[in-house]
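Asker: Just to be clear, the model below is a prediction. Sequence and coordinates:
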Amino acid sequence: MRGRRAFLGVAALAALVPLVARPGVPESAAVGDWPVELDGVALRPLPPSELDRTFAQSAPIEVARFEHDGAHLVLRRVPHATPKLHSLRECYRGSGRSVRPLQDVVRPGGERASAFEVTEMEQRLLVHEWIVDADGRVESDFQSWYWHASTSRLRPPFLAFARVERAD
């Protein structure tokens, strides 16, 4: 009887785990909606670009854009691991911009984000990227994410964040 009570207690606690807030994921992201805030700051939806619409038609990826505390936030959601979800670093390079890697940064919730600087003519942008799985685990590197997601170490769906701001 004692073992059964212990088992039921552990099972009850395990059932509550999904209800606990996760530092890397706004709560609304956990239920399949786009987040409404990030780092305690409300997100203001922006209209999708033509590139977003084209990209979404060619890949199993949903794209949304937001204004976040003076920066531009690009969110991409995928239902499973796919090599089509890649770093914006590759998009910037592919469009002829100069990309300079920077050291990873620690975000306000303690999770890591990759960082790089983009330069085109006189404009410099600072980009931070990270990917969050359904359990709130964070990857800052897209290659590591793909490997871990493909080998079931991470649980879908996945939400990729890219925060872009002027570096001036």
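Answerer: Thanks, I have the structure now. Values in this document were obtained by computation on a predicted structure and should not be read as measured data.
Asker: List the residues that contact residue 100.
Answerer: 116, 117, 118, 119 (C-beta atoms under 8 Å, 6 or more residues apart in numbering). The C-beta positions use only the backbone N, C-alpha and C, and glycine is treated the same way.
Asker: what about the helix or strand hosting the first one, average pLDDT?
Answerer: Taking DSSP states H and E as the criterion, the element that holds residue 116 is strand 112-120. Per-residue pLDDT values over strand 112-120 give a mean of 96.
Asker: For it, name the packing helices and strands.
Answerer: Judged by 3 or more C-beta pairs under 8 Å, 6 or more residues apart in numbering; DSSP states H and E, strand 112-120 is in contact with helix 88-94, strand 98-106, strand 123-132.
Asker: picking that back up, which among the contacts of residue 100 end up buried?
Answerer: The neighbour-count test (16 or more other C-beta atoms under 10 Å) marks 116, 118 as buried among those.
Asker: The strand holding residue 116 pairs with which strands, and in what direction?
Answerer: As defined by DSSP bridges, the strand partners of strand 112-120 come to strand 98-106 (antiparallel), strand 123-132 (antiparallel).
Asker: Distance from the chain centre to the longest one, please.
Answerer: Read that as strand 123-132. 11 Å (C-alpha atoms, centre = their mean, to the nearest Å).
Asker: Okay, buried residues for that strand please.
Answerer: Applying 16+ other C-beta under 10 Å to strand 123-132 flags 125, 126, 127, 128, 129, 130, 131, 132 as buried.
Asker: how far does the helix or strand that that strand is followed by sit from the chain's center?
Answerer: Next helix or strand after strand 123-132 toward the C-terminus (DSSP H and E): strand 138-139. With C-alpha atoms, centre = their mean as the basis, strand 138-139 stands 8 Å off its chain's centre.
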